[in-house]
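Q: For reference, the sequence and a predicted model appear below.
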Amino acid sequence: MNSDLQGRAAHVAGIRERAEAEMGKIGVDQAFIDRLVETFYARILEHPELGPVFDATLAGRWPAHMEKMKSFWSAVAFHNGAYGGKPVQAHVGVAGMSPELFPKWLALFSDTLSDIAPNEEAKAWFMATAERIARSLTLSLFYNPALDDPGRQQG
């Protein structure tokens, strides 16, 4: 059993090393992730629709949220296990959140990446990842399979 644990640890370490190498090739390091999170959330607060939703939810907790988002993006990029939260549960019941806000969130994220990403490859990687996250959250929070029931269609 000990060799199984050692094998798993080596496997996980290999995944992390490959992720770090891939991110390094496109100019992404922890300093970039920190800058991305700080720049993006500063812009979120200034956004006329996104700002009020985020600020109402995170009032008094912004520093902790910023650290959590840095850990989240670090875990996503580097596969380092830095984030242990539950994104869907964290967003359940947020007042004012709607599916229509996700495209605005993505557009602001894209604009932020256009301004600060080290290159187009890094921007493309982060955008593809953000789009998957937005799609997953939208489906998890708002999708109702009953609405897709052809028997409910009225013609």
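A: Ah, there it is.
Q: Against which helices or strands is the strand or helix carrying residue 134 packed?
A: In this structure, residue 134 sits in helix 120-142 according to DSSP states H and E. Applying 3 or more Cβ pairs under 8 Å, 6 or more residues apart in numbering; DSSP states H and E, we find helix 120-142 packed against helix 87-91, helix 101-116. (Glycine included, C-beta is placed from N, CA and C.)
Q: could you redo those as a markdown table and give each row distance to residue 142 and mean pLDDT?
A: Putting these into a markdown table (distance: least, Cβ to Cβ, whole Å; pLDDT from 0 to 100) gives the following:
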| stretch | distance to residue 142 | mean pLDDT |
| --- | --- | --- |
| helix 87-91 | 10 | 80 |
| helix 101-116 | 9 | 97 |
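Q: Can you check which of those helices gets nearest to residue 21?
A: helix 101-116 (21.1 Å; Cβ to Cβ).
Q: what helices or strands is that closest one leaning on?
A: Applying 3+ Cβ pairs under 8 Å, 6+ apart, we find helix 101-116 packed against helix 30-46, helix 50-58, helix 120-142.
Q: just the angle between the first one and helix 120-142, please?
A: Which is helix 30-46. Orientation note: helix 30-46 sits at an angle of 50 degrees relative to helix 120-142 (axes from the mean of the first three to the mean of the last three Cα atoms, to 10 degrees).
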